[in-house]
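Asks: All I have is the shape, not the residue letters:
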């Protein structure tokens, strides 16, 4: 499991909630998606999903619905890094302080991503993802 470190969430939202310190069973890094575990009977199953925090140390970022970012800047940096690694060009359709939508520039490319500050908890999260 990824270790959650205390940092500000919701940069640019004015909310700025904190992520809890230390290990948290409901905290997954972006590289932890789709991991498996074995239960007491030896059956393999997908690990329980919790909050997925973006891991800025990943060489190629991966995205998931509900993934949490420290703010708009971290999200944009991750998207840029992802587009370079996957070799595609994107543009921002909507680009505001509390929300942003981007899509692939190439005609026929299905990639669309939308992230905004979640009003329920103040975190900057991916709300729409189509790859």
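Replies: Okay, I see it. All of these numbers come straight from a predicted model, not from anything done at the bench.

Asks: burial measure for residue 108, as a count.
Replies: Using other CB atoms under 10 Å, residue 108 is surrounded by 5 other residues. Glycine gets a C-beta too; all of them are placed from N, C-alpha and C.

Asks: Quickly note the distance from it to residue 88.
Replies: As defined by CB to CB, to the nearest Å, residue 108 lies at a distance of 12 Å from residue 88.

Asks: Next up, the contacts around the nearest residue in space to residue 118 that is not next to it in sequence.
Replies: Once flanking residues are discounted, residue 118 sits nearest to residue 125: 4.9 Å by CB to CB, 6 or more residues apart in numbering. Under the criterion of CB atoms under 8 Å, 6 or more residues apart in numbering, the contact list for residue 125 reads 66, 67, 68, 69, 115, 116, 117, 118.

Asks: Compile these into a markdown table and extend it with columns for pLDDT, neighbour count and distance to residue 81.
Replies: Shown next, in a markdown table, are those (pLDDT from 0 to 100; neighbours: other CB atoms under 10 Å; distance: CB to CB, whole Å):
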| residue | pLDDT | neighbour count | distance to residue 81 |
| --- | --- | --- | --- |
| 66 | 93 | 14 | 20 |
| 67 | 95 | 25 | 14 |
| 68 | 95 | 23 | 17 |
| 69 | 95 | 24 | 13 |
| 115 | 96 | 25 | 15 |
| 116 | 95 | 20 | 20 |
| 117 | 94 | 21 | 21 |
| 118 | 89 | 17 | 23 |
